[in-house]
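*Asks:* Have a look at this prediction, sequence included:
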Amino acid sequence: MTTTNPDEFHVFDTTLRDGAQREGISYSVADKLAVTKLLDELGVGFIEGGWPGALPSDTEFFARAAEELTLKHATLVAFGATRKAGLAVEDDPQVAALLDSRASAWCLVAKSDVRHVKRALRTSPEENLAMVADTVAYGVSCGRRVFLDCEHFFDGFATDPDYATAVVRTALDAGADVVVLCDTNGGMLPSGISRTITELRERLGGNPRLGIHCQDDTACAVANTITAVEAGVMHVQGTANGYGERPGNADLFAVVGNLATKMGMDVLPDGGLAKLTHVSHAIAELANLAPDSHQAYVGHAAFAHKAGLHASAIKVDPQLYNHIDPSVVGNDMRILVTEMAGRASIELKAKELGLDLSGHPETLNRVTKRVKDLEARGWSFEAADASFELLVRDELATGLTRHFRLDSYRVIVEHRGDGAVVSEATVKVRSRGERVIATAEGNGPVNALDSALRKALVAHYPQLNDVSLADYKVRILAGSSGTDAITRVLVGTTDGEREWTTVGVHDNVVEASWHALSEALAYRLSRLPRLPRVSRYR
Ligand SMILES: CC(=O)SCCNC(=O)CCNC(=O)[C@H](O)C(C)(C)COP(=O)(O)OP(=O)(O)OC[C@H]1O[C@@H](n2cnc3c(N)ncnc32)[C@H](O)[C@@H]1OP(=O)(O)O
Ligand SMILES: CC(=O)C(=O)O
């Protein structure tokens with residue numbers, strides 16, 4: 001891998017500025033400080049923290065960051081705009097706010113499309129160049145490192161290449177460290193990025209310090225960013241998980257993953273790359289967004305294999321079906337067990353769960369057949385590892401699965417005259433050689449059943465006191481009419497330390513729920529000493 005001098009190649013994060021422009025994101029100042037620490041831990045070179053003077057919370061963020069944060073790797077950057085048209089730079093309150101932020105680096109947004117200069121800024125092309133020159137030079141004279149974001153650069157270059165080039169040259173001449181070419185409307189394709197940067201570099205001559213900032217409106221932001229690096233830029237901007245205005249920004253984790261693993265560029269400090277997955281998920285939490293399972297490199301499913309053919313090759317060598325070793329970016333490979341599984345998928349999944357089927361070809365065949373049959377009837381094991389594990393244990397006859405057996409259950413739902421609806425369940429189970437009967441009420445039939453089953457078992461298995469329901473999902477699968485459909489229930493259960501998921505399928509929602517609930521407790525108890533095997537799945 002080529003070691004990249006952090007001053008010669010910049011990884012510039014704008015999660016807290018452009019990323020915060022995504023609909024639905026609203027960071028508190030504390031969130032912003034936490035995101036900054038995570039990005040610093042990852043090892044990015046620059047963190048754009050927001051626009052002091054424009055957003056009161058960003059002003060507060062910079063004040064607190066100056067007092068509270070000691071960054072190991074990153075330089076904190078304050079975002080702002082070039083001075084107002086017709087105003088001396090020293091008199092512009094927004095520029096004063098940049099100084100007040102105490103950030104040692106600024107990133108200024110400037111117009112580089114002449115149509116925007118005339119129609120949005122309502123000023124002359126010459127005055128816009130003066131705004132760029134004055135503000136950059138002022139920042140530099142105040143000891144700040146200044147980056148210039150050329151808004152709408154690619155559209156501007158297509159309309160008037162001389163003017164767009166003049167903006168870049170003006171900023172470089174005024175002392176800008178890097179001039180960043182922005183695809184603000186996100187409409188570019190890689191070929192256009194490459195052509196424009198090549199032509200710009202010819203016009204400028206020498207080796208200009210250029211950067212790239214791509215919005216994702218054509219879903220090409222990452223590809224456009226990589227193309228720009230190939231065309232000679234030395235500064236990439238992006239955001240955690242691609243958050244940003246409209247469809248978003250270039251996903252910095254995919255950009256960094258590509259640069260490091262495909263182009264041999266060592267763009268993060270030692271150990272940084274292996275933190276990619278953790279930092280991605282932690283920032284999603286702070287943004288209050290569910291992590292995208294299917295995100296490249298860092299998604300939970302980025303290295304999840306469903307097809308039997310994939311698994312059979314992976315069994316020989318995981319590299320045959322993975323573009324990189326997932327651990328390089330802190331991720332894991334997973335094998336999914338579904339109708340598409342073959343014996344190799346089952347064997348690998350069982351191994352993942354600590355069960356060795358390699359010396360048990362008959363069991364492997366049986367498990368594979370049962371999984372395929374059950375999946376065809378609506379069961380889904382890919383999200384229910386615990387049910388799959390119980391099934392394998394049953395077939396392996398390890399005797400670890402059954403600590404209780406159902407005799408019968410009954411649930412009633414009573415709609416009373418006063419409008420109250422009450423559910424009551426009675427379960428009769430065999431446990432430790434005894435017949436146990438328990439009754440419980442609940443706010444619905446499933447809740448009542450769950451309570452009654454726990455009540456019946458807890459005297460024999462006090463471990464169940466720590467177990468609680470974490471999630472309950474119902475999906476209607478098929479049927480000729482709405483009410484005769486098959487129901488699939490997935491139950492998530494936790495003991496405070498771990499979480500596991502079980503599945504139940506039946507044309508009766510209560511029975512499907514019973515199955516998933518009783519499996520959840522059976523799974524917890526399967527961690528206890530051995531007990532005799534009984535058959536399941538009627
Ligand atoms: C491409 C990007 O995403 S850049 C980042 C954009 N981010 C944001 O806009 C979020 C923060 N923005 C804000 O809080 C507000 O828009 C503010 C504080 C910056 C400005 O608010 P207001 O003063 O009320 O102005 P308003 O938002 O209506 O218009 C923007 C003004 O900036 C001017 N402007 C736009 N770009 C620039 C520029 N590069 N340099 C100088 N002035 C600019 C516009 O001409 C307009 O001026 P006008 O008020 O004289 O018409
Ligand atoms: C600066 C910026 O965010 C853009 O031009 O898209």
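*Replies:* Sure thing, it's come through. Ligands and ions are numbered 1, 2, ... in the order given.
*Asks:* Name the surrounding residues that touch the helix or strand where residue 40 lies.
*Replies:* Using DSSP states H and E, residue 40 sits within helix 29-42. For helix 29-42, contacts defined as CB atoms under 8 Å, 6 or more residues apart in numbering pick out 13, 15-16, 27, 47, 49-50, 57, 60-61, 64-65, 68-69, 71-74, 76, 240, 268, 272, 275-276, 279, 282-283, 286-287. Where you see a C-beta, it was placed from the backbone N, CA and C, and this is true even at glycine.
*Asks:* could you say what helices and strands the helix or strand that that helix is followed by packs with?
*Replies:* Remark: after helix 29-42, the chain's next helix or strand is strand 46-50, criterion DSSP H and E. Identification of packing neighbours for strand 46-50 by 3 or more CB pairs under 8 Å, 6 or more residues apart in numbering; DSSP states H and E yields strand 10-13, helix 29-42, helix 56-68, strand 75-81.
*Asks:* most packed of the ones you listed?
*Replies:* Across the helices and strands packed on strand 46-50, the average number of neighbours (mean count of other CB atoms under 10 Å) peaks for strand 10-13, which reaches a mean of 26.
*Asks:* Can you give the strand pairings for that one, parallel or anti for each?
*Replies:* Within its sheet, strand 10-13 is paired with strand 46-50 (parallel), strand 235-238 (parallel), according to DSSP bridges.
*Asks:* Out of those, the one nearest ligand 2 is which?
*Replies:* Closest to ligand 2 of the strands paired with strand 10-13 is strand 235-238 (CB to the nearest ligand atom; 8.1 Å).
*Asks:* Say whether ligand 1 is contacted by the closest one.
*Replies:* No. Figure legend: strand 235-238 not in contact with ligand 1 (CB under 6 Å from any ligand atom); closest approach 11.5 Å.
*Asks:* close to ligand 2, is that strand?
*Replies:* No. If you take CB under 6 Å from any ligand atom as the test, strand 235-238 misses ligand 2, and the best it gets is 8.1 Å.
*Asks:* do stretch 97-115 as well
*Replies:* Yes. Looking at stretch 97-115 against ligand 2 by CB under 6 Å from any ligand atom, the contacts come from residue 109.
*Asks:* Flag every residue of this protein that's near ligand 2.
*Replies:* 18, 109, 149, 151, 182, 184, 213, 215.
*Asks:* switch the cut-off to 8 Å
*Replies:* When proximity is defined as CB under 8 Å from any ligand atom, the chain approaches ligand 2 at 14, 17-18, 21, 109, 149-153, 180, 182-184, 186, 213, 215, 244-245, 249.
*Asks:* from the residues you listed, which are also near ligand 1?
*Replies:* 17, 18, 21, 109, 149, 151, 182, 184, 245.
*Asks:* who does the fifth one bridge with?
*Replies:* What that stands for is residue 149. Note on residue 149: beta-bridge partners residue 109, residue 180, judged by DSSP bridges.
*Asks:* ok so, going back, make TSV from the helices and strands packed on strand 46-50 and add mean pLDDT and distance to residue 360 to it.
*Replies:* As requested, the helices and strands packed on strand 46-50 are exported to TSV (pLDDT from 0 to 100; distance: least, CB to CB, whole Å):
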stretch	mean pLDDT	distance to residue 360
strand 10-13	98	49
helix 29-42	97	44
helix 56-68	97	57
strand 75-81	98	58
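*Asks:* Could you dump these into TSV with distance to ligand 1 added?
*Replies:* Converted to TSV, the helices and strands packed on strand 46-50 look like this (distance: least, CB to the nearest ligand atom, whole Å):
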stretch	distance to ligand 1
strand 10-13	15
helix 29-42	15
helix 56-68	8
strand 75-81	4
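*Asks:* show me what contacts the spatially closest residue to residue 342 that is not a sequence neighbour?
*Replies:* In this structure, residue 342 finds its nearest non-sequential neighbour in residue 308, 2.9 Å apart by CB to CB, 6 or more residues apart in numbering. With contact taken as CB under 8 Å, 6+ apart, residue 308 is in contact with 340, 341, 342, 343, 344, 345.
*Asks:* ok, 6 Å please
*Replies:* Residue 308 makes contact with 340, 341, 342, 345, according to CB atoms under 6 Å, 6 or more residues apart in numbering.
*Asks:* Relative to residue 394, which of the helices and strands packed on strand 46-50 is closest?
*Replies:* Each of those was scored for nearness to residue 394 using CB to CB, and the closest is helix 29-42 (43.1 Å).
*Asks:* relative to strand 75-81, how tilted is the closest one?
*Replies:* Here helix 29-42 runs at an angle of 130 degrees relative to strand 75-81 (axes from the mean of the first three to the mean of the last three CA atoms, to 10 degrees).
*Asks:* quick one: the helices in the stretch 101-250 of the chain?
*Replies:* 114-116, 125-141, 153-159, 161-174, 190-204, 221-230 (DSSP state H, counting those that start in this stretch).
*Asks:* Any buried residues in the third one, and which?
*Replies:* Of the residues in helix 153-159, those buried under the neighbour-count criterion (16 or more other CB atoms under 10 Å) are 153, 154, 155, 156, 157.
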